[in-house]
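Peer 1: Structure of the sequence below:
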Amino acid sequence: MKKLMITLPILLVIVFIFFISEFRFTAVSSAKNHSFLENDAELIGEYKVGSSFIFLFKSDKEELYRTVLTEKDGLFYRSNVSTYTPYSSDKIQTAGVLNVSTGNTDATFISIISNDEEVSYIEVGVEPNVKSKRINMGERVTFLFPVSKQIYLLNPTAFNKDGEKLFYYGLPKDTNVFNTDDIKWHKVAE
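Peer 2: As a prediction, this is how the structure comes out:
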């Protein structure tokens, strides 16, 4: 009985420390407990990469999308990495983006919403590993690669039904001054 009186408080302290450290028993509970996740965040996508997961959340109150990486750590899951993307009124909108390289996970993730009725499909990747997905206006498509690359180096491009390039993701052309807000979808010059 005396051993139980000593062991039980120690176990409770250990469990308490794990939960304070954002360790959880499931990947989704770890992501939902992420310290930067907004209170009204709605889970809109879940993607597995190796033993890790990428979760995409949407917050209408804060008007942003949050991408959260959850990695397995022993018996538990922990979410240490997240990115956010503000809502935009652009014709092509990036809903989520993440490129990460950790001891457990290498991944490049991009989720895209089309608000342009001319856009028929989107391609992402570098030859010979180019992925193509059809998209309709108001829909979201997601690309996930098991390598860590800057998104714009994977040449995300939106095409019409005739295969003509309409938009590209990256830095604007013909300028020498950049900031992070410039990395977005741009209309291809005629």
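Peer 1: which regions of the protein lie under the pLDDT threshold?
Peer 2: By pLDDT under 70, the low-scoring segments of the chain are 1, 4, 17-22, 190.
Peer 1: Kindly recompute the last result at 90.
Peer 2: Along the chain, the parts satisfying pLDDT under 90 run over 1-39, 49-52, 70-81, 100-107, 126-129, 146-153, 170-184, 189-190.
Peer 1: got the domain boundaries for this protein?
Peer 2: Domain ranges of the chain: 21-87, 90-190, per automatic domain parsing.
Peer 1: which helix in this protein runs the most residues?
Peer 2: helix 2-20 (DSSP state H).
Peer 1: coming back round to it: between the domains of the chain, which one is nearest to residue 13?
Peer 2: domain 21-87 (12.4 Å; C-beta to C-beta). Quick note: C-beta positions are derived from backbone N, CA and C, even for glycine.
Peer 1: where exactly do the strands run in the chain?
Peer 2: When secondary structure is read from DSSP state E, the chain shows strands at 23-24, 42-49, 52-59, 64-73, 76-86, 92-101, 106-114, 121-126, 129-134, 140-145, 157-159, 165-170, 184-187.
Peer 1: which strands and helices sit next to the second one?
Peer 2: Which is strand 42-49. Secondary-structure packing of strand 42-49 (3 or more C-beta pairs under 8 Å, 6 or more residues apart in numbering; DSSP states H and E): helix 27-32, strand 52-59, strand 106-114, strand 140-145.
Peer 1: could you redo the last one with a cut-off of 6 Å?
Peer 2: Judged by 3 or more C-beta pairs under 6 Å, 6 or more residues apart in numbering; DSSP states H and E, the packing partners of strand 42-49 are strand 52-59.
Peer 1: Show me which positions of the strand it packs on end up buried.
Peer 2: Of the residues in strand 52-59, 52, 53, 54, 55, 56, 57, 58, 59 count as buried by neighbour count, 16 or more other C-beta atoms under 10 Å.
Peer 1: just how off-centre is the longest helix of the chain within its chain?
Peer 2: Mean-position distance between helix 2-20 and its chain equals 36 Å (C-alpha atoms, centre = their mean, to the nearest Å).
Peer 1: What lies in contact with it?
Peer 2: Residues outside helix 2-20 that contact it (C-beta atoms under 6 Å, 6 or more residues apart in numbering): none are found.
Peer 1: from the domains of the chain, which stretch is densest packed?
Peer 2: Most buried of these, by mean neighbour count (mean count of other C-beta atoms under 10 Å): domain 21-87, with a mean of 17.
Peer 1: Mind putting the strands of the chain into CSV with distance to residue 3?
Peer 2: Output for the strands of the chain, formatted as CSV (distance: least, C-beta to C-beta, whole Å):
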stretch, distance to residue 3
strand 23-24, 26
strand 42-49, 42
strand 52-59, 38
strand 64-73, 29
strand 76-86, 26
strand 92-101, 44
strand 106-114, 45
strand 121-126, 58
strand 129-134, 58
strand 140-145, 49
strand 157-159, 66
strand 165-170, 61
strand 184-187, 61
